[in-house]
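*Asks:* Okay, sequence plus prediction incoming.
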Amino acid sequence: QVQLVESGGGLVQPGGSLTLSCAASGFRLGYLAIGWFRQAPGKEREGVSCIRTGDGSTYYVDSVKGRFTISRDNAKNTVYLQMNSLKPEDTAVYYCAVDTTCSNFPRPPSGVWGQGTLVTVSS
């Protein structure tokens, strides 16, 4: 069964950092892409970052460039999102999703999604 499980969310003060994890099961990384998306209350889901797990190519939406870093550990079948210099506007439920390629990013794919992890940036 193909499954993605996010973890690592929580409450952090503005300027703080968090690292999210997306653990994949039922398939092997290295041949697909994993994207991170987020949805704030009352807003549409938006793309944050994407990584091609084969060659490690990465893509970011402009609002997180220089602050967020996506990475993967194919041996652990896990993708990470390191988030630094967090802002209140980063508050959202963060999801990871699998896609065949990052060429569709930031459009949300129609494949498998995780259940999401809540990130709250507040003082």
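*Replies:* Thanks, I have the structure now.

*Asks:* Now the residue nearest to Thr78 when sequence neighbours are not counted: which helix or strand?
*Replies:* Sequence neighbours aside, Ala23 is the residue nearest to Thr78 in space, at 5.0 Å (criterion: C-beta to C-beta, 6 or more residues apart in numbering). Backbone N, C-alpha and C define where each C-beta goes, glycine included. Assessed by DSSP states H and E, Ala23 sits inside strand 18-25.

*Asks:* buried residues in that strand?
*Replies:* Using 16 or more other C-beta atoms under 10 Å as the test for burial, strand 18-25 gives 18, 20-22, 24.

*Asks:* The residue lying closest to Asp90 once chain neighbours are set aside - how many residues pack around it?
*Replies:* Closest residue in space to Asp90, ignoring its immediate chain neighbours: Val121 at 5.1 Å, by C-beta to C-beta, 6+ apart. Neighbour count of Val121, defined by other C-beta atoms under 10 Å: 19.

*Asks:* Look up the residues forming beta bridges with Val121.
*Replies:* Beta-bridge partners for Val121, by DSSP bridges, are Val12.

*Asks:* how close does it sit to Glu89?
*Replies:* Taken as C-beta to C-beta, to the nearest Å, the spacing of Val121 relative to Glu89 amounts to 8 Å.

*Asks:* what does the model give the residue nearest in space to the middle of the chain for pLDDT?
*Replies:* Geometric centre of the chain, nearest residue: Trp36, 2.5 Å, by C-alpha atoms, centre = their mean. You'll see Trp36 listed with a pLDDT of 98.

*Asks:* ok, now Gly10?
*Replies:* 98.

*Asks:* Contacts only, for the closest residue in space to it that isn't next to it in sequence.
*Replies:* Leaving aside its sequence neighbours, Gly10 sits nearest to Leu18 (C-beta to C-beta, 6+ apart; 6.4 Å). Residues near Leu18 by C-beta atoms under 8 Å, 6 or more residues apart in numbering: 8-10, 12, 83, 86, 119.
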